[in-house]
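[1] quick one: sequence plus predicted model below, questions after.
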Amino acid sequence: MSDSTFTTDQDREAGFGDYFALLKPRVMSLVVFTAFVGMLVAPAPINPFVGLVAILFIAIGGGASGALNMWWDADIDAKMKRTLKRPTVTGKVTPDEAKVLGFALSGLSVIMLFLATNWVAAALLAFTIFFYVVIYTMWLKRWTPQNIVIGGAAGAFPPMIGWAAATGDVTLASVLMFALTFAWTPPHFWALALFVKNDYANADVPMLTVTHGRRVTRNHILGYTIVLAAVAIGLGLTSIGGPAYMAVAVAMNAWFIKGAVDIWRRDDADSEADNHLTERKFFKFSLLYLFLHFGMLLVEHTLMRFGLGGW
């Protein structure tokens, strides 16, 4: 990929903020939060300093994935409105600089997580980076409309990594935390894709909305939302769940399913403005959905410490 493909803006040198933007801080915040929850609700206590170090390098690993994603996707990012301000598009940071930073931070994060915790957590982090960069970014994203379904696994690993950092193993509870984020990703991103469809079409990315249309996408959103509800309820029945989590999960999933049904009932005869309003509401609620589910796991964990939570 040639740097001449992209818009250049060399009026000023790249600053710290430009390099930090490569790490996709908004995505990193989700990585940090879910990894933190996975670590805290694990049955094995972890030294607070070790836990802090582990979270730091899990975050750096997630940021490294973002930098490598911007390196590889700089050409299509230049064609989409929502990614036009990325530093690899504006020219403040070149794709090659993003690549070097991404690989350096990847190696650093995996090695340091291994030294701070254990090989299971480090191996999961290494696989997460590989999966996001190679399997999703380089392969699936430009090849199949199921890109976000399979690729969603990359964003679902952090709670498993946090759990493994504390325990050194993988259990049903940590797998279900993974499954919660994994099943949440398709309806979350497809709702976004419904109101930014032209972005993906302009960039020739085979998102489901582009390859199969809005009706099929709506059907898929409803189907995955039902699967997601089952996973969320199942997680509440494990050792890290309890009545408080379950009450919130039931209410949130009932509302989420209703939102998916509202999207499913739409058709192309409805006004585009009405469609976009429904989809935007669903997308925004999906952000709160994941935060509250993981937040309630923390609440249950706190209640259990005082003998009040759990089953």
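    Alright, I've got the coordinates. Numbers count the residues shown, from 1 in each chain.
[2] can you list the weak-confidence ranges in the protein?
    1-12, 197, 268-275 (pLDDT under 70).
[3] quick one: residues contacting the residue most central in space within it.
    Nearest residue to the geometric centre of the chain (C-alpha atoms, centre = their mean): Gly155, 3.7 Å. Gly155 is in contact with 27, 30-31, 132, 181, 185, counting by C-beta atoms under 8 Å, 6 or more residues apart in numbering. For the C-beta atoms, the positions are set from N, CA and C on the backbone; glycine is no exception.
[4] please identify the helix or strand for it.
    helix 153-156 (DSSP states H and E).
[5] beyond that helix, next helix or strand please.
    Counting by DSSP H and E, what follows helix 153-156 is helix 158-167.
[6] other SSEs contacting that next one?
    Secondary-structure packing of helix 158-167 (3 or more C-beta pairs under 8 Å, 6 or more residues apart in numbering; DSSP states H and E): helix 25-41, helix 48-72, helix 95-116, helix 119-130, helix 172-195.
[7] not counting sequence-adjacent ones, nearest residue to Ser106?
    Ala64 (4.2 Å; C-beta to C-beta, 6 or more residues apart in numbering).
[8] please report the distance of the one you found from Arg218.
    35 Å (C-beta to C-beta, to the nearest Å).
[9] do I have it right that the residue nearest to Ser106 meets Val27?
    No. Assessed by C-beta atoms under 8 Å, Ala64 is found out of contact with Val27, at 11.8 Å.
[10] so which of those two has more stuff around it?
    Ala64 (27 against 16; other C-beta atoms under 10 Å).
[11] tell me how many other residues surround Phe282.
    Every residue meeting other C-beta under 10 Å relative to Phe282 is counted, giving 26.
[12] three-state assignment of the closest residue to it other than its chain neighbours?
    Spatial nearest neighbour of Phe282, excluding adjacent residues (C-beta to C-beta, 6+ apart): Gly259 at 4.3 Å. Following DSSP: H, G, I helix; E, B strand; the rest coil, Gly259 is assigned to helix.
[13] Gly259: what's it in contact with?
    Counted by C-beta under 8 Å, 6+ apart, Gly259 has contacts 225, 278, 281-282, 285.
[14] are any of those buried, and which?
    225, 278, 282 (16 or more other C-beta atoms under 10 Å).
[15] so which of those residues comes closest to Val89?
    Proximity of the buried ones among the contacts of Gly259 to Val89 (C-beta to C-beta) peaks at Phe282, which lies at 28.1 Å.
[16] touching, the closest one and Ala260? I think so.
    Yes. Using C-beta under 8 Å, Phe282 is in contact with Ala260, at 7.0 Å.
[17] anything in contact with each of those two?
    Common neighbours of Phe282 and Ala260 are listed as 187, 221 (criterion: C-beta under 8 Å, 6+ apart).
[18] report the longest helix in the chain, please.
    helix 272-305 (DSSP state H).
[19] got the angle between that one and helix 172-195?
    With axes from the mean of the first three to the mean of the last three C-alpha atoms, to 10 degrees defining the directions, helix 272-305 sits at 160 degrees from helix 172-195.
[20] ok, Val53 to Pro243 distance?
    For Val53, the distance to Pro243 - C-beta to C-beta - is 34 Å.
[21] whoops, Tyr289 was the one
    Counting by C-beta to C-beta, the gap from Tyr289 to Pro243 is 19 Å.
[22] ok, the two, which is more surrounded?
    Tyr289 (24 against 14).
[23] reformat the helices and strands packed on helix 158-167 as TSV; add distance to Asp204.
    Formatted as TSV, those follow (distance: least, C-beta to C-beta, whole Å):
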stretch	distance to Asp204
helix 25-41	23
helix 48-72	15
helix 95-116	18
helix 119-130	25
helix 172-195	14
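[24] for Thr137, find the nearest of these.
    helix 48-72 (4.9 Å).
[25] report the angle between the closest one and helix 25-41.
    150 degrees.
[26] so who does Ala98 touch?
    By C-beta under 8 Å, 6+ apart, the neighbours of Ala98 are 22, 67-68, 70-71, 74, 87-88.
[27] give me the buried entries from those.
    Looks like the contacts of Ala98 have 22, 67-68, 70-71, 74, 87-88 buried, using 16+ other C-beta under 10 Å.
[28] contacts only, for Glu21.
    In this structure residue 21 is Ala, not Glu. 86-87 are the contacts of Ala21 under C-beta under 8 Å, 6+ apart.
[29] run the last query once more with 6 Å
    By C-beta atoms under 6 Å, 6 or more residues apart in numbering, the contact list for Ala21 reads Pro87.
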